[in-house]
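# only the shape, not the letters, is given here:
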């Protein structure tokens, strides 16, 4: 099951981010205004979460660990800087979206070949280099951006490609074939991203998902920090699935309970990635709201 989920969850997040990204509006910003916007919107909350997570993980013990944690952020913390670089490229590189997508596809395939994938090691694997996902994940963001500008997407071929990619991806769980694994991973996720217009058009609404989506950066940045702290707290007493369920439940309770408190204070809202409350905005308009959340 873990292999299956890891086959598409992060590429789809990047694809959705690209699909929702408004390239025209963001490209109209000056470079200074762009960095100011994304510093408040993404980078500052990420930096606070990065320091907190690295501190409890012992990553500040030596200079080498500090350098490595910056070059290759741990666990989920790679996503924000990688997404920011893709957004920066999309707004500053004056090429048609189709050209950016084709270039990103080539860069990602080369990245997989150089750095490797779960079942094999590429020639650059293990070297002290910046995170390879700046290369390997590019295709999925720019695929989402490209799909958002298409009038029609052939859903049936995309669905068939997704099914074939999923089957090949599962087959490669028991094999160590580099090329088929890359083809399965890229093909599966490009096909899923191609179906986003259909999924977005479905008359499905969830108040819970909309609520979580409003502060998606906050939940994304801090859930694993609490997971790590709570696991250390409860692990001496329980284990297995009971530990996982307890940690997950307490994490969500803490995040949900802290959210309205943080939203009342502009500085805390800014540092944690929470949208300021309506009352805070009314009393202090300069505090926000933050510009559109990740993807816009």
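On my side now, so go ahead. What you see is a predicted model; the values in this text were computed from it and never measured.
# tell me who's in contact with the residue nearest to the spatial centre of the chain.
Nearest to the mean C-alpha position of the chain, by CA atoms, centre = their mean, lies residue 79 at 4.1 Å. If a contact means CB atoms under 8 Å, 6 or more residues apart in numbering, then residue 79 has 10, 13, 14, 220 as its contacts. All C-beta atoms are positioned from the backbone trio N, CA, C, and that covers glycine.
# in the top helix by length along the chain, what counts as buried?
Of all segments of type helix in the chain, defined using DSSP state H, the longest is helix 240-263. Applying a neighbour-count criterion of 16 or more other CB atoms under 10 Å, one finds 246, 247, 250, 251, 255, 258, 259, 262, 263 buried in helix 240-263.
# that helix - contacts with which helices or strands?
Where contact means 3 or more CB pairs under 8 Å, 6 or more residues apart in numbering; DSSP states H and E, helix 240-263 is packed against helix 216-234, helix 266-272.
# reformat these as JSON lines; add distance to residue 166, mean neighbour count and mean pLDDT.
Listed next are the helices and strands packed on helix 240-263 as JSON lines, based on distance: least, CB to CB, whole Å; neighbours: other CB atoms under 10 Å; pLDDT from 0 to 100:
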{"stretch": "helix 216-234", "distance to residue 166": "25", "mean neighbour count": "18", "mean pLDDT": "90"}
{"stretch": "helix 266-272", "distance to residue 166": "37", "mean neighbour count": "18", "mean pLDDT": "91"}
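# and those: which comes nearest residue 199?
Of all these, it is helix 216-234 that lies closest to residue 199, at 17.1 Å by CB to CB.
# so what touches the closest one?
The contact list for helix 216-234, computed with CB under 8 Å, 6+ apart, reads 42, 45-46, 49, 52-53, 56-57, 75-77, 79-80, 212, 243, 246-248, 250-251, 254-255, 259, 262, 272-274, 293-294.
# what's the answer for stretch 184-196, then?
Residues from elsewhere that reach stretch 184-196 (CB under 8 Å, 6+ apart): 7-8, 11-12, 15-16, 18-19, 105, 108-109, 112, 117, 139-140, 143-144, 147-148, 153-155, 158-159, 161-162, 164-166, 168-169, 171-172.
# buried members of those into PyMOL, please.
One line in PyMOL is enough to select the buried members of these, burial here meaning 16+ other CB under 10 Å:
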select buried, resi 7+8+11+12+15+16+18+19+105+108+109+112+117+139+140+143+144+147+148+158+161+162+165+166+168+169+172
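# thanks a lot, see you next time.
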